[in-house]
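*Asks:* Give me coordinates for this.
(one chain, ligands or ions: 2)
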Amino acid sequence: MSLLLTGGMGYIGSHTVVQLLDLGQDVVILDNLSNASEKVLERIEEITGKQPLFVKGDICNRDDLNRVFTEHQIDAVIHFAGLKAVGESNEIPLSYYHNNVSGSVTLFQAMADHNVKQLVFSSSATVYGEHNLSPLIETMPTSATNPYGKTKLMIENILFDLAKSDSEWSIINLRYFNPIGAHASGLIGENPNGIPNNLLPYVAQVAVGRLELLSVFGDDYDTPDGTGVRDYIHVVDLANGHVKALEKLSALSGCYAINLGTGNGTSVLEIVNTFSSVCGHEIPYQVVPRRAGDIATVFANAEKARSLLGWQAEYDLNTMIEDTWRWQSSNPEGY
Ligand code: NAD
Ligand code: UDP
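*Replies:* Ligands and ions are numbered 1, 2, ... in the order given. Next comes the predicted model:
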């Protein structure tokens, strides 16, 4: 099978490329490198012994897309490319709507024109909004509170409409919970630009001495220790979820939303304590007020992925944090 991975140089994309190359699939990456380093290619080759084809280009650019679909025989697309910072999306919403929504529509038009109608899309648990109680299940109503989340919801809805209009499409919207961890080699991992927004890269940078102190956003939530609870999932488990989704696509018609989570919730303080024991020293932190827009508890009902894809998460929290630490401590400044 020959696969196009938009955004395949990024955090989740690069781990998925590794899994696919290890399985002997042909991979073409289209990435504009807006949030990735070209060094990822060397690292992928070091891990797999293989070089994926890389095209530097943009999903918003129809010529770039035409070039890829004309020069390569593509069977299916995994669409990771997008901007992903919630806070930034409030500041520059037009960039988010342009890059994520217009870019996705441009990609889907190019796919239709080249008769490529199998797609896996990177959605997010953020589409469950603020009002559903965990465990979150795919049949719950969706909503979004910030431009980033709205782009994910809009793209999901575009894809549901597209599949309704033409039964040749098979589409899976994978709703990721909180991806963390890194490849066991320590060669690829999460490499945020600037100060990290997400918990794990922040803790990892405190642990390695790049940042001084973690701010814990609130300890007065209605959770066992008062801090926020999330469903952290190993990025390699997530990558394997894409492999399973691809295997399923040719047997499906229509558009399906599927959670990729472990089904377990972990609090901020549990993360901090586990990280301390893995890296062997204390992680200094202070409790500060809640972060606007945060909710207390988010975790998945992971049953649909198990029954429809035959997939379930395999790595435990300790392994996720050991792998995060191996990546961070061997690449303290990132790539
Ligand atoms: P990432 O930023 O590491 O990867 C995204 C990649 O897309 C980057 O390599 C970037 O250079 C590329 N890109 C961005 N805009 C592009 C464009 N217009 N054309 C071509 N390439 C472009 O992010 P990630 O964590 O790997 O996330 C991948 C996808 O999963 C994103 O769509 C994100 O919204 C979604 N997602 C991520 C998380 C998370 O916590 N990491 C959670 C839920 C959903
Ligand atoms: N969090 C925190 N300090 C940080 C970053 C995050 O206490 O510097 C908390 C946040 O309030 C939430 C959890 O960690 O309870 C996960 O946050 P993240 O931004 O990683 O994921 P999301 O909230 O988008 O699920």
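*Asks:* burial of residue 132, as a residue count?
*Replies:* 16 (other CB atoms under 10 Å). Yep, even glycine has a C-beta here, placed from its N, CA and C like the rest.
*Asks:* Nearest residue to it in space, ignoring adjacent ones along the chain?
*Replies:* Nearest non-adjacent residue to residue 132, counting by CB to CB, 6 or more residues apart in numbering: residue 140, 4.6 Å away.
*Asks:* Kindly report the same for residue 223.
*Replies:* residue 229 (4.9 Å).
*Asks:* For the one you found, which residues are in contact?
*Replies:* Contacts for residue 229 (CB atoms under 8 Å, 6 or more residues apart in numbering) come out as 221, 223, 265-267, 296-299.
*Asks:* And it, how far from residue 322?
*Replies:* 21 Å (CB to CB, to the nearest Å).
*Asks:* Same check on residue 78?
*Replies:* Where residue 322 is concerned, residue 78 sits at a distance of 27 Å (CB to CB).
*Asks:* If we ignore the residues flanking it in sequence, what's nearest residue 230?
*Replies:* residue 178 (4.6 Å).
*Asks:* typo on my end, it should be residue 10
*Replies:* For residue 10, the spatially nearest residue (CB to CB, 6+ apart) is residue 36, at 5.1 Å.
*Asks:* And the one you found, how far from residue 225?
*Replies:* Residue 36 is 35 Å from residue 225, by CB to CB.
*Asks:* ok, now residue 274?
*Replies:* Taken as CB to CB, the span from residue 274 to residue 225 is 13 Å.
*Asks:* One more: residue 295?
*Replies:* Distance, residue 295 to residue 225, using CB to CB: 16 Å.
*Asks:* Between the two, which is the more surrounded one?
*Replies:* A direct count of neighbours by other CB under 10 Å for residue 295 and residue 225 places residue 295 higher, at 18 against 13.
*Asks:* Can you get me a residue count around the residue nearest to that one when sequence neighbours are not counted?
*Replies:* Distance criterion CB to CB, 6+ apart; nearest residue to residue 295, sequence neighbours excluded, is residue 130 at 5.7 Å. For residue 130, the count of nearby residues is 11 (other CB under 10 Å).
*Asks:* now residue 56
*Replies:* So residue 56, with other CB under 10 Å, has 12 neighbours.
*Asks:* Which ones among the contacts of residue 229 map onto helices?
*Replies:* Taking DSSP state H, every one of these sits outside helices.
*Asks:* Name the nearest of those residues relative to residue 43.
*Replies:* Residue 43 lies nearest to residue 266 out of the contacts of residue 229, by CB to CB, at 28.0 Å.
*Asks:* Quick check: bridge partners of the closest one?
*Replies:* Applying DSSP bridges to residue 266 gives these bridge partners: residue 230.
*Asks:* Return the residues in contact with it.
*Replies:* 229-232, 317.
*Asks:* same question, residue 273
*Replies:* Residue 273 neighbours (CB under 8 Å, 6+ apart): none.
*Asks:* Following the helix or strand harbouring it in sequence, what is the next regular element?
*Replies:* Element membership for residue 273, per DSSP states H and E: helix 268-279. Counting by DSSP H and E, the element after helix 268-279 in chain order, helix or strand, is strand 285-288.
*Asks:* Quick check: neighbours of that following strand in the sheet, parallel or antiparallel?
*Replies:* Checking strand 285-288 against DSSP bridges gives partners strand 214-217 (parallel).
*Asks:* tell me the average confidence for the strand it pairs with?
*Replies:* For strand 214-217, mean pLDDT is 98.
*Asks:* Pull the number of nearby residues for the residue of the stretch 201-335 of the chain found nearest ligand 2.
*Replies:* For the stretch 201-335 of the chain, the nearest residue to ligand 2 under the criterion CB to the nearest ligand atom is residue 228, separated by 2.2 Å. By other CB under 10 Å, 25 other residues sit near residue 228.
*Asks:* Equivalent analysis for residue 286, please.
*Replies:* Residue 286 has 8 nearby residues by other CB under 10 Å.
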